[in-house]
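Visitor: Sequence first, then the predicted structure:
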Amino acid sequence: MRRPLVAGNWKMNGTRASVAELIDALRQQDMPADVEVVIFPSCLHLAQVVSDLNDKAIAVGAQDCAAQAGFGAFTGEESASQLADVGCKWVLVGHSERRLIMGESDEVVSRKFAAALECGMTPVLCLGETLEQRQAGQTLEVVGRQLARIITDAGIAAFERAVVAYEPVWAIGSGLTATPQQAQEVHAAIRGQLALEDQRIADGVRLLYGGSVKAENAFELFEMADIDGGLIGGASLKANDFGAICRAAGN
Ligand code: PEP
């Protein structure tokens, strides 16, 4: 039985004051005990969020980490060691905004995935196709290639300590959501690819859907057999909406 997981990616949003307000509002949400909840604030607010949520069952993660696990001359970067040191237990790797805007290759994503694991954090590996790739019928090939790189480099056992998020690029922040059937097709393919290596690990790994998930469409997505929760962008900035999405993931 896979425990549902809902993750909130705050992206490059928030000031200390607005983050304090959002945390206050989140603290008032009735979060279902059977759902694991993680939020990913900007790096600047990690320490604030970790300390203000320390008595609430909401974990904290970072939106990215350096490809180098330790310390050193990498101006502007934050390593997985440093993130773990401030209380992060989770880290997003390979978000499409980093792949497409910052030009992160599959190789860089793979190194970040390894760095997160090395420092004891759980990586959330983000995979997804662009609109052009979907229209060209390449969705499963693109997602399969992104995943294959990590399986090859990190080994299938790494997926006992990782989560995978399928996030079609065309659905992120666009208001367009994949239909539950479209999302399920890709999730089943991801689980199937992992199962070719190890059925037990494939059955245990949690697969999140991300892309314009809202309180109104969360339940029908989370009902699908291979969708174990969501990675939520815009709606995670509103405590009531995020709380409703978390409750929709409850059994
Ligand atoms: C995301 O950025 O991971 C995301 C899913 O964003 P949104 O929910 O806003 O589409």
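Guide: Sure thing, it's come through. Residues are numbered from 1 along each chain as shown.
Visitor: so how many other residues sit close to the residue of the chain found nearest the ligand?
Guide: The ligand sits closest to Gly233 of the chain, with a gap of 2.1 Å, by Cβ to the nearest ligand atom. All C-beta atoms are positioned from the backbone trio N, CA, C, and that covers glycine. Using other Cβ atoms under 10 Å, Gly233 is surrounded by 23 other residues.
Visitor: Now do the residue nearest to Val50 when sequence neighbours are not counted: how many residues are near it, please.
Guide: Using Cβ to Cβ, 6 or more residues apart in numbering and skipping the chain neighbours, the partner closest in space to Val50 is Gly87 (3.7 Å). Counted with other Cβ under 10 Å, residues neighbouring Gly87 total 16.
Visitor: how about the closest residue to the residue of the chain closest to the ligand other than its chain neighbours, phi and psi?
Guide: Closest residue to Gly233 apart from its sequence neighbours, by Cβ to Cβ, 6+ apart: Asn9 at 5.1 Å. Main-chain dihedrals, Asn9, degrees, to the nearest 10: phi -100, psi 110.
Visitor: Asn9 contacts Gly234, correct?
Guide: No - proximity of Asn9 to Gly234 does not meet the contact threshold set by Cβ atoms under 8 Å, at 9.2 Å.
Visitor: Contacts only, for the residue nearest to Val50.
Guide: By Cβ atoms under 8 Å, 6 or more residues apart in numbering, the contact list for Gly87 reads Leu46, Ala47, Val50, Ser51, Val60.
Visitor: Please apply the same query to Asp64.
Guide: Taking Cβ under 8 Å, 6+ apart, one finds Glu78, Val91, Leu92, Val93, His95, Arg98, Lys112 in contact with Asp64.
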